[in-house]
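>>> Below are the sequence and a predicted model for it; my questions follow.
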Amino acid sequence: MHADEVLSVAEAMGQDVVAVSPLAGGLSHETSLISLADGQVVARVGGPDPEIEAAVMAAGRRRVPVPEVLWVGRPGRRPVMVVEYVEGTLLSHVLAEWAEALGELGVEVGRVVAEIGAVSFERPGFFVDESLDPRWERPWSRQLPEVAEACMASTSRLDARTRRAWVDLCVAHAPALRGIDEQARLVHADINPKNILVTRAGGTWRVDAVLDWEFAYSGCPYGDAANMVRFGDDYPAEFVAGRRSGFADGAPDAPEDWEYVGWVLDMFALSDLVTRPPGNAIADQAAALIRDRVTGGVTWPG
C-alpha cells in the first residue's frame, strides 16, 4: 500500500496504524493486513468498483458469513475498501494439509455456497451501481457462444483446432441454459478454496467468511457449484462428494441436472480465463481443462 492510502485508512478508522503486512490477493487488487492501535482490519486496494462490491457483500451477509465493510474511499488513483478481519484458515490450505473429516467439510461448504443463491433480485444481469439493480442484456444461452467466440479469438494459449472445437462445444451445450436464463439469484462467480475461510471447532467444521465478491452478479447459482470444484481433481474425493451433497441439500428446488447446467455455466469462466497473459497458472489450468473437454477426456455430469 502507498503511504497516502495507509494514512487514509488510519483517518477513516480514527486510529494510528501500527503495522502493515501483505496478504494474498486477487488478480485485480492488493490486499493488506493492517494492525491498528486496538485491533486489525483488512484493506483491499484496487479492483473494478468497491462500492458495488460493498453493496453485494451487504446483501450476501443476509444469508452467509461475509466480512463487514468498514469503509470505502478513493484517497488517490486507487480505490480502497476496509473490511473487518476474520479469523480462520483458507480452505485451500485445509485441503492441502488436512486429512480428517473432509467429507463433513465439503457438506458445510456446499451448504454455504447454496445459501448464497438464496439471495434474489428482480432480474438477472450484472450490477452497474450500488443499488444492485442488474443490467439485463440478453439470455445466457445466447451469450455463451458469443463469449466463447470472442475469447478464443483473443488467446494464443490454445491451438486453432482446440479453439474452434471449444466454440463448437459451447454452441452445442448453450441450449441447456434456457431453463435458467431468467433466474435472478446472487452468484459469487469466484467461489473457490482461496476465497473461503473455515475453522474446525468442537468436532465440526464452520465456514467463517466468504471473501472477494468483486465479480458477483444476478443469475443462476449452479455456476457457483461448478466453480467450487472446477479443479476438483486437485481436491480430496471425499470433499468433492460432500460439497455435491451439501449443495443439493441446500438447494432443494434445483433440477436433477443442476450439476450439468453448472458445468455449462462454467464455460463462460473457462473461456475468459484462457485469455490471461502468459505465465498465469490458473489460465494454464483452464486451458488444460478445455483440452480435456473437447477431446472427451472428462465425463460430463448428467
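Received the coordinates, thanks.

>>> Show me the helices in the stretch 101-250 of the chain, by range?
For the stretch 101-250 of the chain, helices defined by DSSP state H, counting those that start in this stretch occupy the ranges 102-116, 140-153, 160-173, 222-228, 237-250.

>>> isn't L70 right next to V41, touching?
Yes. Contact criterion C-beta atoms under 8 Å: L70 and V41 qualify, at 6.2 Å. Using the backbone N, CA and C atoms, a C-beta is placed for each residue, glycine as well.

>>> Quickly list what's touching both of these two.
M13, V82, V83, E84 (C-beta atoms under 8 Å, 6 or more residues apart in numbering).

>>> what about stretch 94-111, start to end distance?
Length of stretch 94-111, first residue to last, C-alpha to C-alpha, to the nearest Å: 18 Å.

>>> how about it: buried residues?
Within stretch 94-111, the residues scored as buried using 16 or more other C-beta atoms under 10 Å are 94-95, 98, 101-111.

>>> residue contacts, V171?
L144, P145, A148.

>>> Out of those, which is nearest to L197?
Taking C-beta to C-beta as the measure, L197 lies nearest L144 of those, at 32.0 Å.

>>> which residues sit in contact with that closest one?
C170, V171, H173, A174, L177, V264, M267, F268.

>>> returning to what we had before: can you tell me which of the helices of the stretch 101-250 of the chain is nearest to A189?
Of all these, it is helix 222-228 that lies closest to A189, at 7.1 Å by C-beta to C-beta.

>>> tell me the domain boundaries of the protein?
By the assignment in automatic domain parsing, the chain contains the domains 3-84, 89-294.

>>> tell me the two of the buried residues of stretch 94-111 that are most distant?
Greatest spacing in the buried residues of stretch 94-111, by C-beta to C-beta: W98 and R111 (18.5 Å).

>>> Could you grab the helix/strand/coil label for T31?
strand (DSSP: H, G, I helix; E, B strand; the rest coil).

>>> Counting neighbours, which bits of stretch 6-20 end up buried?
V6, S8, V9, A10, A12, M13, Q15, V17.

>>> Also stretch 290-301?
Across stretch 290-301, burial judged by 16+ other C-beta under 10 Å covers I290, R291, R293, V294.

>>> and that stretch, average pLDDT?
The average of the pLDDT scores along stretch 290-301 is 84.

>>> Would you reformat the helices of the stretch 101-250 of the chain as TSV and include distance to I191?
Below are the helices of the stretch 101-250 of the chain laid out as TSV (distance: least, C-beta to C-beta, whole Å):
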stretch	distance to I191
helix 102-116	6
helix 140-153	18
helix 160-173	21
helix 222-228	5
helix 237-250	11
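
>>> Need these in CSV (columns: mean pLDDT).
Listed next are the helices of the stretch 101-250 of the chain as CSV, based on pLDDT from 0 to 100:
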stretch, mean pLDDT
helix 102-116, 97
helix 140-153, 98
helix 160-173, 97
helix 222-228, 95
helix 237-250, 95
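
>>> between those, which gets nearest to V210?
In terms of C-beta to C-beta, the element of the helices of the stretch 101-250 of the chain nearest to V210 is helix 102-116, at 6.8 Å.

>>> Does anything pack onto the closest one? Which helices or strands?
Helix 102-116 sits against helix 91-97, strand 196-201, strand 204-210, helix 222-228, helix 237-250, with contacts defined as 3 or more C-beta pairs under 8 Å, 6 or more residues apart in numbering; DSSP states H and E.

>>> Nearest to W136 among the ones you listed would be which one?
Judged by C-beta to C-beta, the one of these that comes nearest to W136 is helix 222-228, at 16.4 Å.

>>> what's that closest one in contact with?
By C-beta under 8 Å, 6+ apart, helix 222-228 touches 109-110, 113-114, 116-117, 180, 187-193, 243-244, 247, 254, 258-259, 261-263, 265-266, 268-269.

>>> With just CA atoms, put that helix into PDB.
This file holds the C-alpha atoms of helix 222-228, laid out as PDB (Å, rounded to 0.1, in the frame of the first residue of the first chain):
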ATOM      1  CA  TYR A 222     -25.400 -23.700 -10.200                       C
ATOM      2  CA  GLY A 223     -22.400 -21.900 -11.800                       C
ATOM      3  CA  ASP A 224     -21.000 -21.300  -8.300                       C
ATOM      4  CA  ALA A 225     -21.400 -25.000  -7.500                       C
ATOM      5  CA  ALA A 226     -19.300 -25.800 -10.600                       C
ATOM      6  CA  ASN A 227     -16.800 -23.100  -9.900                       C
ATOM      7  CA  MET A 228     -16.100 -24.600  -6.500                       C
END
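
>>> quick one, strands of the stretch 1-150 of the chain?
Here the stretch 1-150 of the chain has its strands, by DSSP state E, counting those that start in this stretch, at 17-23, 29-36, 39-46, 69-73, 80-84, 89-90, 126-127, 134-135.
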